[in-house]
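Undergrad: For reference, the sequence and a predicted model appear below.
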Amino acid sequence: MLSVAASMQSGHQNIVVQQYFETTKSIASKYNLRLQTYVRQKDENQYGISRSKNIQFSRELARIINKQEDRQADGLIFFPEGTMEGGRKVIEGTKKGQINGMQELDWESIHKLIKGIEERGRKVVIIPVGTHGEFRISNPSNKNYPTARVLKQLYNPLNIPRESILSVNVGMPMTYSEIKEILAKQGIEPNPQNIGEYVGRTIAKLLPLEARGVYA
């Protein structure tokens, strides 16, 4: 199951994000992924979408967790930043041209999900993934997106190496319990905020310094 912001499906975000959502649906279908919308705090505050709509998300999550046979096991893909801002470049103002960088992880919401999973006797494995270069492909804030130059680079590797457009670095998997033990040994209380900080900095190490944002 792939979790996406409810505002992407509801039409509250701009046209480019809507196009991105439609593309994501197509790709998800190809790889047997199911999209399930999740109402973020931002969706409620900015777009007026009630968080009561998360009941369906909770039911689907419970269905996945309660599957007993390994060969039928499903998984949950969750992007803890909860926003696309981290992969964009600033297009105006004093910081024009700079990368926004990582945003603070919405770890309070994720902690609730993880707690529910652990209460059902399942272990949670976190796989840190750092992606960099999205601003070269999609920047919904930019009215000129997509540019012909970027499309030419994407589909003509003779002009530019593919790895210079977008990089994806994957770190070592770690369980929620392991993170708690690491923090405890360092004398740090393993509460949701500190766990989120640890995971955020772990992901940030997979990125260039200028892309680490709040975890630089």
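TA: Received it, and whenever you're ready, just let me know what you need.

Undergrad: what's the nearest residue to Arg34 if we skip its chain neighbours?
TA: Met1 (5.1 Å; CB to CB, 6 or more residues apart in numbering). In this view, the C-beta of every residue, glycine as well, is placed from N, C-alpha and C.

Undergrad: contacting residues around that neighbour?
TA: When contacts are counted by CB atoms under 8 Å, 6 or more residues apart in numbering, Met1 is found next to 33-36, 60-61, 64, 74-77.

Undergrad: And it, how close does it get to Gly196?
TA: According to CB to CB, to the nearest Å, Met1 and Gly196 sit 21 Å apart.

Undergrad: Please apply the same query to Arg212.
TA: 15 Å.

Undergrad: any idea which residue sits dead centre in the protein?
TA: Taking CA atoms, centre = their mean, the centroid of the chain lies closest to Phe79, which sits 2.1 Å from it.

Undergrad: The helix ranked longest in the chain packs against which elements?
TA: The longest helix of the chain (DSSP state H) is helix 15-30. Judged by 3 or more CB pairs under 8 Å, 6 or more residues apart in numbering; DSSP states H and E, helix 15-30 is in contact with strand 2-5, helix 6-10, strand 35-38.

Undergrad: Please verify my assumption that Leu207 contacts His132.
TA: Yes. With contact defined as CB atoms under 8 Å, Leu207 counts as touching His132 (5.4 Å).

Undergrad: in the protein, which spans are helices?
TA: Using DSSP H, the helices of the chain run over residues 6-10, 15-30, 41-47, 54-65, 107-119, 148-155, 176-185, 192-204.

Undergrad: And the protein, what are its domain boundaries?
TA: According to automatic domain parsing, the chain comprises the domains 1-77, 84-216.
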